[in-house]
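Enquirer: have a look; sequence and predicted model below, questions after that.
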Amino acid sequence: MKARVIVASNRAAAGVYADTSGPRLVAGLRDLGCEVTGPVVVPDGEPVAEALRAAVADGVDVVVTSGGTGVTPTDRTPEATRGLLDFEIPGIAEAIRAHSRDAVPAAALSRGLAGVAGRTLIVNLPGSTGGAKDGLAVLGPILRHTVDQIRGGDH
């Protein structure tokens, strides 16, 4: 499985600080058997949509985004994602929020989506190392099966 990590962070993209969630996601996806490029760090908004379109055009199987899922005025990753999706898989996003909710009540504020664009699974995660860890915990048991199904595999 080919995977790409896209980090939506205005400050990390500007060099104000180094992103920490992206490298954690890259390592976690590699542990799940993915061939991973990135992380690609971009400002939130249209640059996220551009990076997502590039990943879909490159035939990447899985794209995991980090950041831009909250409720601040600059959090635009769900909107950038929704515009590309052929269909959503709400159960994945719901499971990620549920997994985090008890330890981090603010996880309920995440507007992250999951769905399919072409033959690419896209999953939005919150922009923190905890969000990365929790997202990987949910994706781990279902990732290979989900990608197989998107490719047309049997149930």
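Expert: Nice, thanks for sending it over. Numbering: from 1, shown residues only.
Enquirer: from here on, contacts and neighbour counts on C-alpha atoms
Expert: Noted.
Enquirer: so which bits of the worst-scoring helix or strand of the chain on mean pLDDT are buried?
Expert: The helix or strand of the chain with the poorest confidence is strand 35-42; it has a mean of 93 (mean pLDDT, DSSP states H and E). Neighbour counts over strand 35-42 (16 or more other Cα atoms under 10 Å) mark Glu35, Val36, Pro39, Val40, Val41, Val42 as buried.
Enquirer: can I get the residues you listed in TSV with distance to Arg24?
Expert: Listed next are the buried residues of strand 35-42 as TSV, based on distance: Cα to Cα, whole Å:
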residue	distance to Arg24
Glu35	14
Val36	12
Pro39	9
Val40	13
Val41	13
Val42	17
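Enquirer: pick out the most distant pair among those.
Expert: Glu35 and Val42 (20.8 Å; Cα to Cα).
Enquirer: packing partners for the least confident helix or strand of the chain?
Expert: strand 2-8, helix 10-13, helix 21-31 (3 or more Cα pairs under 8 Å, 6 or more residues apart in numbering; DSSP states H and E).
Enquirer: what do you get if the cut-off is 10 Å, keeping everything else the same?
Expert: The contact analysis (3 or more Cα pairs under 10 Å, 6 or more residues apart in numbering; DSSP states H and E) places strand 35-42 against strand 2-8, helix 10-13, helix 21-31, helix 46-57, strand 62-66.
Enquirer: residue contacts, Gly112?
Expert: Applying Cα atoms under 10 Å, 6 or more residues apart in numbering, we find Gly112 in contact with 65-70, 76-79, 81-82, 90, 92-94, 96-97, 123-126.
Enquirer: in helices only, show me those.
Expert: Mapping the contacts of Gly112 onto helices (DSSP state H) picks out Thr77, Pro78, Glu79, Thr81, Arg82, Pro90, Ile92, Ala93, Glu94, Ile96, Arg97.
Enquirer: burial count for the nearest residue to Leu25 once chain neighbours are set aside?
Expert: In space, and not counting its chain neighbours, Leu25 is closest to Ala132: 5.9 Å by Cα to Cα, 6 or more residues apart in numbering. Using other Cα atoms under 10 Å, Ala132 has 26 other residues around it.
Enquirer: since that was my last question, I'll sign off now.
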